[in-house]
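A.B. asks: Predicted coordinates and the sequence they were generated for:
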Protein chains: 2
Amino acid sequence: MKKNAFYAQSGGVTSVINATAYGVIDEASKSSQIGKIYAGKNGILGALRENLIDTSKESKAFITSLQFRPGGVFGSCRYKLKDFEASKKEYLRLVEVFKAHNIGYFFYNGGNDSADTAYKVSQISKTLGYPLSCIAIPKTVDNDLAITDNCPGFGSVAKYVVTSTIEAALDVESMAETSTKVFILEVMGRHAGWIAASSSIAQESYPQAPDLILLPEVPFKQTQFLRRVKEVVAQKGFCVIVASEGIKNASGNFVSESGLKDAFGHSQLGGVAPYLANLVTSKIKLKNHWAVADYLQRSASHLASETDRKQAIKVGREAVRYAVQGKSSVMPVIKRVQDHPYKWKVEPAPLKQIANVEKTLPKSFITKDGFGITERGKKYFRPLIAGENQSIKQNKFYQQPKSVMVKKKLPAWR
Amino acid sequence: MKKNAFYAQSGGVTSVINATAYGVIDEASKSSQIGKIYAGKNGILGALRENLIDTSKESKAFITSLQFRPGGVFGSCRYKLKDFEASKKEYLRLVEVFKAHNIGYFFYNGGNDSADTAYKVSQISKTLGYPLSCIAIPKTVDNDLAITDNCPGFGSVAKYVVTSTIEAALDVESMAETSTKVFILEVMGRHAGWIAASSSIAQESYPQAPDLILLPEVPFKQTQFLRRVKEVVAQKGFCVIVASEGIKNASGNFVSESGLKDAFGHSQLGGVAPYLANLVTSKIKLKNHWAVADYLQRSASHLASETDRKQAIKVGREAVRYAVQGKSSVMPVIKRVQDHPYKWKVEPAPLKQIANVEKTLPKSFITKDGFGITERGKKYFRPLIAGENQSIKQNKFYQQPKSVMVKKKLPAWR
């Protein structure tokens, strides 16, 4: 007998998370074992609140367009399920909703926390005797998931950062004689420096940048940093810096929380880039500019890596295949078969080994001085940003989903 | 007898200023009246220092590639020539260099200040009896030049801002339920709000954003701003704001200089976006994120407007035609013939009417509440961001110019 499927997006979105949604929906629609595909409105909250979007009511054209749409089309959330004991009511509710809507497949598209959620749901459905195939599907710009060689979402943010670094550096170079000499680009990465490190690939398009990469994995030393900036400017006239938002000082505190106060004495304005810019201005008196890419970097689907987009679709499709094969508590992960020409495949990995594990940049990727990326690192990043899709149109019209909700069968949640 | 030409780039660069360089060099190379085209290394400084790049030594392929290259390939500068009396030595030096290298055509590619420089040079060459055709070629992301309907460089920055606003808004919308509710994008525009205003075109791709546009032309009122943000969030769940870096309070002071101090008591960290974010956090306690696009916006040639790129090439070609026709002290300006379908032409305008005049956003473009753009404004912006060039490759290799310098004939400058 056919069972319905539940799919939800969780945590920070990426420019290709909707490509995964497309992969899941398209693949599931071909399966004789899967009935309807219900998307959770705002992630797991959609299941708890019984807010289920019937994706079969969306047009075929709309589902196809998800391949190129930024954001999380069904809504995402930041919501962490606690342990069974602490959140028993929530787990019971999930099972109740799944029963009411004949849901036998659970697809959860997210990062570390989401893998943990999917793992917990898979365990609990066993404990509570409700049969459910639980598959977590990888997605995170942070690229910090264990086991998988890389995470869908990362290649595109890396391409954004590489492209922006090249373009801004060409700008700075042309003005440096009489104007800006130091440029700082702040990128995401609270605990792992994958995004900042990927900017090293800019050097292959334009050898002049970046000059310094600041990583959370390397303690930030102010004196050493300022000395290097001065040296680079003295040598070639300008200096381009890519800084991870999560850089920490030797005591392990975030540099961006180092005591900035506004006129009212409120601390924290945030921003590693303005912090570093202030250091450069006040300590070595070099004219500088800074940019904070923030959400622009993770939503820039106009600049998506075609490799990334294809992988995002593929993990969605594989997740469905695993589910109908009866697998549970696994994640489709990307395995690199060959660096050049790049070859990859997708295979299942146990969620238990992925949930809550954070993968930081390997030491072998970081140059001895802590400011650069080794050839070994570049070999890793190079293929992930490759490829463009010529059918991506800029400033196209983004249709909203119809979001036809499934009729509720249960009392309201809480 | 053939005369040589001098071309230089001045002021902040754009993602299509090199397209103008291509237009000038390609057109001049076809003229029987023009000999060599010398590019000034770092703008007018190249003339003063006799640092002249012989563009005939660059490969044809390299010159062609300038159509798609960000930054200012020959180097730009911020350097303002004073009046004849105050800077007599400099004007005499310019004439000396032009004489030494048989330069009869002077092309200066820049904004307000550069139009002023070109105007002064044209006057002075009369006074000093040295025949010179002086043509200023428009370029500025600020779009604040008089007479011309729009400025090359602006359409592309507008396209960047529109695209980024759409993409970030789709991201924010999907997370708003449990995470970020307010997003602030800071864009350029110190005295005129053209760039921020252009973001209104995002609404045609995605009606949900931007919600509020903050312009230098409209005094910033904190209470009113915060009330509107609260209202929008209450109504639709999230609020997207595009803010000009140059917004001012009722007393005419820049909002970004409103007394931010770091831990050492140094004031100015800069940034309207972090300033507004801090207000939203402290006064109405809504979770927010902010981005500062800075140089990324004006160097994003991967996202150049095809309309803008074509206009940038065309003004370069026309400048050369005017010069060989014996015109001087003029600028090729863009005249809009029709809104839709968009038609435009280029015609000469007297520099005297352009130099040092700053064109701000017309009142008729701004909605009554001061936070939006009227249909009249949108009609203006719409065609300027249109079009993509499919031959633009991301992360391509940027070759450096050979920069073969012309042999110096004069003693060093200063």
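C.D. replies: Sure, I can see it.

A.B. asks: Quick check: buried residues in the lowest-mean-pLDDT helix or strand in chain A?
C.D. replies: Within chain A, no helix or strand scores below helix A:112-127, which has a mean of 88 by mean pLDDT, DSSP states H and E. Judged by neighbour count (16 or more other CB atoms under 10 Å in any protein chain shown), helix A:112-127 contains these buried residues: A:112-125. Glycine gets a C-beta too; all of them are placed from N, C-alpha and C.

A.B. asks: Reformat those into CSV and put distance to B:V187 next to each item.
C.D. replies: Below are the buried residues of helix A:112-127 laid out as CSV (distance: CB to CB, whole Å):
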residue, distance to B:V187
A:N112, 34
A:D113, 33
A:S114, 34
A:A115, 37
A:D116, 38
A:T117, 38
A:A118, 40
A:Y119, 43
A:K120, 43
A:V121, 43
A:S122, 46
A:Q123, 48
A:I124, 48
A:S125, 49
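
A.B. asks: Can you tell me which of those comes closest to chain B?
C.D. replies: Among the buried residues of helix A:112-127, A:D113 lies closest to chain B (CB to the nearest CB), at 12.2 Å.

A.B. asks: So the closest one sits against A:K80, correct?
C.D. replies: Yes - using CB atoms under 8 Å, A:D113 is in contact with A:K80, at 5.5 Å.

A.B. asks: how deep is A:K285 tucked in, by neighbour count?
C.D. replies: 9 (other CB atoms under 10 Å in any protein chain shown).

A.B. asks: secondary structure class for it?
C.D. replies: For A:K285, the assignment made with DSSP: H, G, I helix; E, B strand; the rest coil gives coil.

A.B. asks: quick one: pLDDT of it?
C.D. replies: pLDDT, A:K285: 95.

A.B. asks: tell me the secondary structure for A:A277?
C.D. replies: Assignment for A:A277 (three-state DSSP): helix.

A.B. asks: And the helices in chain A, which stretches?
C.D. replies: A:17-29, A:44-48, A:60-65, A:88-100, A:112-127, A:154-175, A:194-198, A:222-236, A:272-283, A:295-299, A:306-324, A:375-381 (DSSP state H).

A.B. asks: mind giving me JSON lines with these and columns for distance to chain B?
C.D. replies: Compiled in JSON lines, the helices of chain A are given as follows (distance: least, CB to the nearest CB, whole Å):
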{"stretch": "helix A:17-29", "distance to chain B": "9"}
{"stretch": "helix A:44-48", "distance to chain B": "7"}
{"stretch": "helix A:60-65", "distance to chain B": "12"}
{"stretch": "helix A:88-100", "distance to chain B": "15"}
{"stretch": "helix A:112-127", "distance to chain B": "12"}
{"stretch": "helix A:154-175", "distance to chain B": "3"}
{"stretch": "helix A:194-198", "distance to chain B": "11"}
{"stretch": "helix A:222-236", "distance to chain B": "12"}
{"stretch": "helix A:272-283", "distance to chain B": "5"}
{"stretch": "helix A:295-299", "distance to chain B": "4"}
{"stretch": "helix A:306-324", "distance to chain B": "10"}
{"stretch": "helix A:375-381", "distance to chain B": "12"}
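
A.B. asks: okay if I get those helices as CSV plus distance to B:S59?
C.D. replies: Converted to CSV, these look like this (distance: least, CB to CB, whole Å):
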stretch, distance to B:S59
helix A:17-29, 40
helix A:44-48, 58
helix A:60-65, 42
helix A:88-100, 65
helix A:112-127, 50
helix A:154-175, 19
helix A:194-198, 31
helix A:222-236, 24
helix A:272-283, 37
helix A:295-299, 35
helix A:306-324, 30
helix A:375-381, 28
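
A.B. asks: if you average pLDDT over each of those, which comes out lowest?
C.D. replies: Averaging pLDDT over each of those puts helix A:112-127 lowest, since it has a mean of 88.

A.B. asks: packing partners for that one?
C.D. replies: Counting contacts by 3 or more CB pairs under 8 Å, 6 or more residues apart in numbering or on different chains; DSSP states H and E, helix A:112-127 packs against helix A:88-100, strand A:103-110, strand A:133-138.

A.B. asks: Which strands border the second one, and is each parallel or antiparallel?
C.D. replies: When pairing is defined by DSSP bridges, strand A:103-110 lines up against strand A:3-9 (parallel), strand A:133-138 (parallel).

A.B. asks: ranking those by burial, who's on top?
C.D. replies: Most buried of the strands paired with strand A:103-110, by mean neighbour count (mean count of other CB atoms under 10 Å in any protein chain shown): strand A:133-138, with a mean of 29.

A.B. asks: Give me the mean pLDDT for it.
C.D. replies: pLDDT averaged over strand A:133-138 gives 97.

A.B. asks: show me where the stretch 301-414 of chain A has strands.
C.D. replies: With DSSP state E, counting those that start in this stretch as the criterion, the stretch 301-414 of chain A has strands at A:330-338, A:343-350.

A.B. asks: Buried residues of the last one, list them for me.
C.D. replies: To tie it back to what came earlier, the one meant is strand A:343-350. Under 16+ other CB under 10 Å, the buried positions of strand A:343-350 are A:344, A:346, A:348-349.

A.B. asks: Look at the nearest residue to A:K3 once chain neighbours are set aside and say how many residues are nearby.
C.D. replies: Nearest non-adjacent residue to A:K3, counting by CB to CB, 6 or more residues apart in numbering or on different chains: A:G104, 2.8 Å away. If you count neighbours by other CB under 10 Å, A:G104 ends up with 21.

A.B. asks: For A:G104, list the residues it contacts.
C.D. replies: A:G104 sits next to A:3-5, A:98, A:131-133 when contact means CB atoms under 8 Å, 6 or more residues apart in numbering or on different chains.

A.B. asks: Pick out whichever of the buried residues of strand A:343-350 sits closest to A:S205.
C.D. replies: Lowest distance from A:S205 to these (CB to CB) belongs to A:W344, with 23.2 Å.

A.B. asks: my read: the closest one touches A:I334, true?
C.D. replies: Yes - between A:W344 and A:I334 there is a contact under CB under 8 Å: 5.5 Å.

A.B. asks: Please enumerate the shared neighbours of those two.
C.D. replies: Taking CB under 8 Å, 6+ apart as the criterion, A:W344 and A:I334 both touch A:149, A:311.
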